[in-house]
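Peer 1: build me a structure from this.
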Amino acid sequence: MNKIIIALLCSFLIGGTGFAQKADNAKLFKDSYIKKTMTRALDWQLKNPKHKLYDWTNGAYYAGVFAAYETTGSKKIWKAMYEMGEANEWKPGPRLQHADDHVICQTYIDMYRVAGEKKMIEPFTATMEEFMTTPYETGRINKITWWWCDALFMGPAAFVKLGVTLDDDRYLKLNDKLWKETFDLLYDKEYSLYARDINYKWNEPGIDPIKEANGKKIFWSRGNGWVMGGLVRTIAELPEDYPTRNFYIDNFKEMAAAIVSLQQEDGLWRASLLDPESYPGGEASGSGFYCYALAWGINNGILDKETYLPAVEKAWVGLNRLIQPDGHVGWCQPIGADPKKNFEANSWEVYGTGAFLLAGSEVIKLKK
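Peer 2: Next up, the predicted model:
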């Protein structure tokens, strides 16, 4: 009898814990909670700036800041973005053909669409005119202009946003050319993932590729997160009848299916996608971009809701567990080019915050 009573009590306690957990998770999807958490993470990050304002790190961050502005309508957030633009004189970074120095211009263009101030896009427009008439010098690794997969978040959306804004398809066609070069060089059709650069690509002449501890190919979580984010930000801009739009949609769908299959039980992705056992902690920036991209795909009717919504919900729950008591987004891998284990709860980067804000801006739309 005592054993039966103990078993019933254990069953009750376990069931009660499960119910409480479900109730606790449910609050993470309420509009008020999402806005509050996004604002809290952003407030902390604004008080803890890092890097030059035009840097690629801040380009990814301010993409999230603008998404937070759209989500909340906060005048404080607009003021912060405007002050950043003024401090940068609305210029891209100094490297003419480097995608990392173009990403901050995505935010300038988004702001121009709201405020209509020509100064917000004139420097980038001038840069692009020079870009298109200046030959690119190639090398052993940089065989193409966008030779690393991260570039597909940095450059494409900036080019396409400007082209759509100015009604000038030269920028869209240039993006098509450069993206296809990267696709042909780095996209692995077996795994539907991008190598970070040719140092991680197998069967590349003259390259002895770096491998994971388990002998598998290295597919960096954040690198592929950049690509997924770049795909949705590009597709969102392209006209419905644009000739190559389906190329981006097909690439997105293939990657989405692969990414969901690599999600871990806690809802997050590991720094190395094919060797999660070697990287036990969930990583904030890659996971944030995946959550953002998958949620966007559902919201825009490109991904099947029944198939992908459970993954997005798990990811959002997991991301919220990375928020630290002071509000910052923890467990973010520092700057690098491949998977590393050098991060923990107090590890943060501005792009980790940007990814979280982008994710929240799409998760909040899921039930609408």
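
Peer 1: does residue 94 count as helix, strand or coil?
Peer 2: Three-state call for residue 94 (DSSP: H, G, I helix; E, B strand; the rest coil): coil.

Peer 1: any idea how many residues pack against it?
Peer 2: 10 (other Cβ atoms under 10 Å). Quick note: C-beta positions are derived from backbone N, CA and C, even for glycine.

Peer 1: am I right that it is in contact with residue 104?
Peer 2: No - counting by Cβ atoms under 8 Å, residue 94 stays clear of residue 104, with 11.8 Å between them.

Peer 1: kindly provide the distance from residue 228 to residue 257.
Peer 2: Using Cβ to Cβ, to the nearest Å, one gets 12 Å for the distance from residue 228 to residue 257.

Peer 1: can you check residue 196 too?
Peer 2: From residue 196 to residue 257 the distance is 21 Å (Cβ to Cβ).

Peer 1: remind me which residues of the chain are low pLDDT?
Peer 2: 1-20, 23, 368 (pLDDT under 70).

Peer 1: helix or strand for the spatially most central residue of it, which one?
Peer 2: For the chain, the residue sitting closest to the mean C-alpha position, by Cα atoms, centre = their mean, is residue 289 at 3.1 Å. Assigning secondary structure by DSSP states H and E places residue 289 in helix 284-299.

Peer 1: quick one: buried residues of the helix or strand just after that helix?
Peer 2: Sequence order places helix 305-320 as the next helix or strand after helix 284-299, per DSSP H and E. Counting neighbours by 16 or more other Cβ atoms under 10 Å, one finds that the buried residues in helix 305-320 are 308, 309, 311, 312, 313, 314, 315, 316, 317, 318, 319, 320.

Peer 1: returning to what we had before: what is the helix holding residue 289 packed up against?
Peer 2: helix 221-235, helix 245-261, helix 305-320, helix 350-363 (3 or more Cβ pairs under 8 Å, 6 or more residues apart in numbering; DSSP states H and E).

Peer 1: picking up where we left off before, the residue nearest to the centre of the chain and residue 230 touch, don't they?
Peer 2: No - using Cβ under 8 Å, residue 289 is not in contact with residue 230; the gap is 9.1 Å.

Peer 1: I appreciate the help and will end here.
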